[in-house]
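Q: missing the sequence, but the structure's below:
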């Protein structure tokens, strides 16, 4: 099993290297750049010192950057991963084990310092580079993120999406959160979803339908919240060809448009919704999370998107429609949003367990550590991969859970009354939507999900 663990470490290392390479060449992938502009940009990247995947300062040649650009265009994110090495280790395992013990004993020791200690102890030692590579494989020592940058206003639609979360009202006794992305150029609300938590499941539920309906942006700019810092999001964006940029802590410059949007949401939408789930004059009480999302979709498409924005002077949706969105086929989008977990196949039964479920896999994988690829909303459909090769779908052996534990569902409790007094603003918007449905390009939340009150997240 030690060999399987080493394979897992190598795979994680290859993904880290691919992400590092993608972050470097990301600016050069902009299709609006001329050849001269791209050459100047690549030369500038080659002239800088960057923090490598292992945390060491590295400088990359122009030739390597050009090769990575060609590789990404030919094969996408997977093509940026280094080819697996098949060389047998030449350094004695006992020496490497001692090097690891020396590093863990004193994390401040550098690879060169450990090499000196090994040399004094045994009279010989591997090179500092070999020691450092071994440390990197075992994740001894961390790196740092690259520089953060932003823009005052993007030059075209879908050039930059900015995302954030907003705390909302209580529904069915639970607090809700809005995950939203605004297009920097048009101020259109391109992605939005009310959910039960600020997590990666809620983020995916908001982002995936938006990418299918509005195209794929060139960049996404977010803060360092837990859901936006999840490694899944970085891998997803890399597979989609999207540059993911995080703002520096305590320096939220560039996210002002989402803050302004949330002020509008509070002033125009949330002011009409009961904050605590109790009836109040002039406020509605949503009976379910799906209903809250339906109301919000109506407000976005029939009020916010069609009114001229105070800064641009144009309706957000009309300004967004002047662009040329880049759409991806459904299978590519589905693949980017799948989750992965590694499990060891039982040697005697060729079964694998995940979150209380038991699956039957190909018998040739018995005793192997495999990668299970799945949609977190559907644990009944699991693809099995081993060393980047697909071994088909796992057969359901014993299924007790149909969705990932992070996918929460609404509790079944008594519903509060929703009969307000006075003017019903949300009701007026719903009536307007009903009048224009069939003639306007309106998108309903329930149409996107195809589910009702029991919709997860």
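A: Nice, I can see it. Quick caveat, the model's predicted, so the values are computed rather than measured.

Q: for the stretch 301-450 of the chain, what spans make up the helices?
A: Remark: helices assigned in the stretch 301-450 of the chain by DSSP state H, counting those that start in this stretch are 316-320, 330-336, 425-436, 445-449.

Q: other SSEs contacting the second one?
A: Using 3 or more Cβ pairs under 8 Å, 6 or more residues apart in numbering; DSSP states H and E, the elements in contact with helix 330-336 are helix 200-214, helix 231-240. C-betas here are computed from N, CA, C, even on glycine.

Q: What residues sit buried inside the shortest one?
A: Read that as helix 231-240. 232-240 (16 or more other Cβ atoms under 10 Å).

Q: List the contacts of it.
A: For helix 231-240, contacts defined as Cβ atoms under 8 Å, 6 or more residues apart in numbering pick out 15, 18-19, 22, 76-77, 200, 203-204, 211, 216, 220, 227, 243-244, 328, 332-333, 335-337, 339.

Q: quick one: contacts of the helix or strand that comes right after it?
A: Sequence-wise, the next helix or strand downstream of helix 231-240 (DSSP states H and E) is strand 243-246. With Cβ under 8 Å, 6+ apart as the test, strand 243-246 has contacts from 23, 26-27, 145, 148-150, 218-224, 228-229, 233-234, 237-238.

Q: Of these, keep whichever come out buried.
A: So, by 16+ other Cβ under 10 Å, the buried ones in these are 23, 26-27, 150, 218-223, 228, 233-234, 237-238.

Q: just curious, which of the residues you listed is nearest to residue 353?
A: Of all the buried ones among the contacts of strand 243-246, residue 353 sits closest to residue 233, with 26.7 Å by Cβ to Cβ.

Q: List the contacts of the spatially closest residue to residue 394 that is not a sequence neighbour.
A: The shortest distance from residue 394 to any non-neighbouring residue, by Cβ to Cβ, 6 or more residues apart in numbering, is to residue 359 (3.7 Å). Applying Cβ under 8 Å, 6+ apart to residue 359 gives the contacts 351-353, 372, 382, 394-397.

Q: In PyMOL, how would I select the buried members of the residues you listed?
A: Only the buried entries of the contacts of residue 359 go into this PyMOL selection, using 16+ other Cβ under 10 Å:
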select buried, resi 351+352+372+382+394
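
Q: Among the contacts of residue 359, which are located in strands?
A: 351-353, 372, 382, 395-397 (DSSP state E).

Q: Mind putting these into CSV with pLDDT and distance to residue 129?
A: Formatted as CSV, the ones in strands among the contacts of residue 359 follow (pLDDT from 0 to 100; distance: Cβ to Cβ, whole Å):
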residue, pLDDT, distance to residue 129
351, 94, 42
352, 93, 38
353, 93, 40
372, 94, 35
382, 93, 40
395, 93, 46
396, 90, 48
397, 88, 47
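
Q: picking that back up, confidence-wise, which of the helices of the stretch 301-450 of the chain is weakest overall?
A: Note on the helices of the stretch 301-450 of the chain: lowest mean pLDDT is at helix 445-449, with a mean of 43.

Q: need the contact list for residue 138.
A: 9, 100.

Q: So in this protein, which strand runs the longest?
A: Assignment by DSSP E gives strand 160-171 as the longest strand of the chain.

Q: what's the nearest residue to residue 27 if we skip its chain neighbours?
A: Residue 27's closest residue in space is residue 41 (Cβ to Cβ, 6+ apart), at 5.7 Å.

Q: same check, this time on residue 18
A: Closest to residue 18 by Cβ to Cβ, 6+ apart is residue 80, at 4.0 Å.

Q: And for residue 383?
A: residue 373 is the one closest to residue 383 (Cβ to Cβ, 6+ apart), at 4.3 Å.

Q: Next one: the one you found, what pLDDT does it get?
A: Residue 373 carries a pLDDT value of 91.

Q: Check the one 4 residues further on too.
A: Per-residue confidence (pLDDT) for residue 377: 82.

Q: The one 3 residues further on now?
A: On pLDDT, residue 380 comes in at 89.

Q: wait, doesn't it sit right on residue 402?
A: Yes - look at residue 380 against residue 402 with Cβ atoms under 8 Å: they come within range, at 6.1 Å.

Q: neighbour-wise, which of those two wins?
A: residue 380 (15 against 11; other Cβ atoms under 10 Å).

Q: quick one, what contacts that one?
A: 396, 399, 402.

Q: Now do the last one against residue 179, distance only.
A: If you measure residue 402 against residue 179 using Cβ to Cβ, to the nearest Å, the figure is 23 Å.

Q: that older thread, so the residue nearest to residue 383 bridges to which residues?
A: On the basis of DSSP bridges, residue 373 is bridged to residue 340, residue 383.

Q: Poorly predicted segments of the stretch 201-350 of the chain, please.
A: Scanning the stretch 201-350 of the chain for pLDDT under 70 picks out the ranges 249-255.

Q: biggest helix in this structure by residues?
A: helix 2-25 (DSSP state H).

Q: now that helix, how far from the centre of its chain.
A: What separates the centre of helix 2-25 from the centre of its chain is 18 Å, taken as Cα atoms, centre = their mean, to the nearest Å.

Q: And stretch 355-370, by the same measure?
A: Taking mean C-alpha positions (Cα atoms, centre = their mean), stretch 355-370 and its chain are 27 Å apart.

Q: what does stretch 346-358 give?
A: Distance, centroid of stretch 346-358 to centroid of chain: 28 Å (Cα atoms, centre = their mean).

Q: in it, what's buried?
A: Within stretch 346-358, judged by 16+ other Cβ under 10 Å, the buried ones are 350-352, 354, 357-358.

Q: Can you give me the end-to-end span of that stretch?
A: End-to-end distance of stretch 346-358: 11 Å, with Cα to Cα, to the nearest Å as the criterion.

Q: Use 2 as the first number for this chain going forward.
A: From this message on, residue numbering opens at 2, which makes the last subject stretch 347-359.

Q: Any chance you could list what contacts it?
A: 342, 344-346, 360-364, 366-368, 371, 373, 380, 383, 385, 395, 397-402, 405-406.

Q: Next, count neighbours for the closest residue to residue 60 other than its chain neighbours.
A: Nearest residue to residue 60, sequence neighbours excluded (Cβ to Cβ, 6+ apart): residue 50, at 5.3 Å. Look at residue 50: counted by other Cβ under 10 Å, it has 9 neighbours.

Q: How is this protein divided into domains?
A: 3-81, 94-138, 161-327+416-450, 331-399 (automatic domain parsing).

Q: what's the most buried one of those domains?
A: Most buried of the domains of the chain by mean neighbour count (mean count of other Cβ atoms under 10 Å) is domain 161-327+416-450; its value is a mean of 18.
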